[in-house]
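Undergrad: Need the 3D shape of this:
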Amino acid sequence: MNSQVLRFLQLKVTLEQAKGSPGIVMTEFFPKIDLVSPVSWSEKAPEYIVNLELNQEMDLENFSIEGIFNIIRVISNTGNNALVIARFHGPVLMLIHQIDECWIQTPSTLSVLHGLFLTVHGTTKGLKSFRDGIKKLLPSSVKFRITKDLKADWIAAPQLPERRKQVMDLAVKRGYYQTPRKCTQRELAEELGVRQGTVAEHLQSAESTIIMSWSEQSY
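TA: Next up is the predicted model:
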């Protein structure tokens, strides 16, 4: 049996090209928004861990932009950057959410300086559905790139030590970052065969690395 062929679709959209698109209003509040990790596709709208660049200190608890974006949990807020779990209702991410055979992944960024850079992974059928749908949302001047190999020359995902990445990946998989949480640090520790304090240390260090990495990167 032949395995399913998965490909990547990447596109860049300037703010001028996206003029009139509802999601662009987010740049009025956050100069840069970076996808860190998907959290859940089970709800009516997708949930992601994202890093937000802030113009100033903001109270992000229950922050929302009607019909576009709402924060459901603040993981960390340094005043310059915030790591949050947010639910997205904008047309582009909802389009991905409604297609079973494709999903968003890093690197995916929305910024004031560079507009939208999006990476979508999926089957040939799924990416075709996304491409057909996005053509109805954005102007024809937007260019796509489809490839078997991920081209990430614009921005790099933060690198974590192997053990720390293992703990973070398990936490995401088990729903630790969902709201409400689906598991506890103690349960993660039991599954990994380590102390709860070790799990807490790994998660705190991973979250710090993610925040600093995404805030320091530029195109």
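Undergrad: Of all residues in the chain, which one is nearest the centre?
TA: Note on the chain: the residue nearest the mean C-alpha position is Leu35, at 2.6 Å, using C-alpha atoms, centre = their mean.
Undergrad: How about that one, nearest residue that isn't a chain neighbour?
TA: Excluding its sequence neighbours, the residue lying closest to Leu35 (C-beta to C-beta, 6 or more residues apart in numbering) is Ser108, at 4.1 Å. For every residue, glycine as well, the C-beta is placed using N, CA and C.
Undergrad: ok, that neighbour - contacts?
TA: Listed by C-beta atoms under 8 Å, 6 or more residues apart in numbering, the contact set of Ser108 reads 34-35, 117-119.
Undergrad: Tell me, domain by domain, which residues of the chain belong where.
TA: According to automatic domain parsing, the chain is divided into the following domains: 6-147, 162-216.
Undergrad: need the least confident one among those, by mean pLDDT.
TA: The minimum mean pLDDT among those belongs to domain 162-216 (a mean of 86).
Undergrad: Not counting its own residues, what contacts the helix of greatest length in the chain?
TA: The longest helix of the chain (DSSP state H) is helix 196-216. Helix 196-216 has contacts (C-beta under 8 Å, 6+ apart) with 34, 36, 51, 53, 75-76, 78, 80-81, 83, 158-160, 163-165, 167-168, 171, 176, 185-186, 188-189, 192.
Undergrad: Cross-reference the residues you listed with the strands and report the matches.
TA: Mapping these onto strands (DSSP state E) picks out 34, 36, 51, 53, 75-76, 81, 83.
Undergrad: Nearest to Ala45 among those residues?
TA: Nearest to Ala45 among these: Val36, at 17.5 Å, using C-beta to C-beta.
Undergrad: my read: the closest one touches Ala82, true?
TA: No - applying C-beta atoms under 8 Å, one finds Val36 not in contact with Ala82, separated by 11.4 Å.
Undergrad: what touches both of the two?
TA: Here Val36 and Ala82 have Asn51 as joint contacts, going by C-beta under 8 Å, 6+ apart.
Undergrad: What degree of burial does Phe117 show, as a neighbour count?
TA: Using other C-beta atoms under 10 Å, Phe117 has 19 other residues around it.
Undergrad: Where do the helices of the protein begin and end?
TA: Under DSSP H, the chain gives helices at 91-97, 124-134, 162-173, 185-192, 196-216.
Undergrad: for the first one, packing partners?
TA: Pointing back at helix 91-97 there. With contacts taken as 3 or more C-beta pairs under 8 Å, 6 or more residues apart in numbering; DSSP states H and E, helix 91-97 sits against strand 102-111, strand 115-123, helix 124-134.
Undergrad: Report the buried residues of that helix.
TA: 91-93, 95-97 (16 or more other C-beta atoms under 10 Å).
Undergrad: so which of those would you say is closest to Leu137?
TA: So of these, ranked by how close each gets to Leu137 (C-beta to C-beta), first place is Pro91, at 5.4 Å.
Undergrad: OK, contacts around that closest one?
TA: Applying C-beta under 8 Å, 6+ apart, the residues near Pro91 are 21-23, 137.
Undergrad: Looking at those, state which has the most neighbours.
TA: Ranked by neighbour count (other C-beta under 10 Å), these have Gly23 at the top, with 22 neighbours.
Undergrad: hang on, that residue packs against Leu110?
TA: Yes - Gly23 is within contact range of Leu110, at 7.3 Å (criterion: C-beta under 8 Å).
Undergrad: Quickly list what's touching both of the two.
TA: Common contacts of Gly23 and Leu110 (C-beta under 8 Å, 6+ apart): Leu116.
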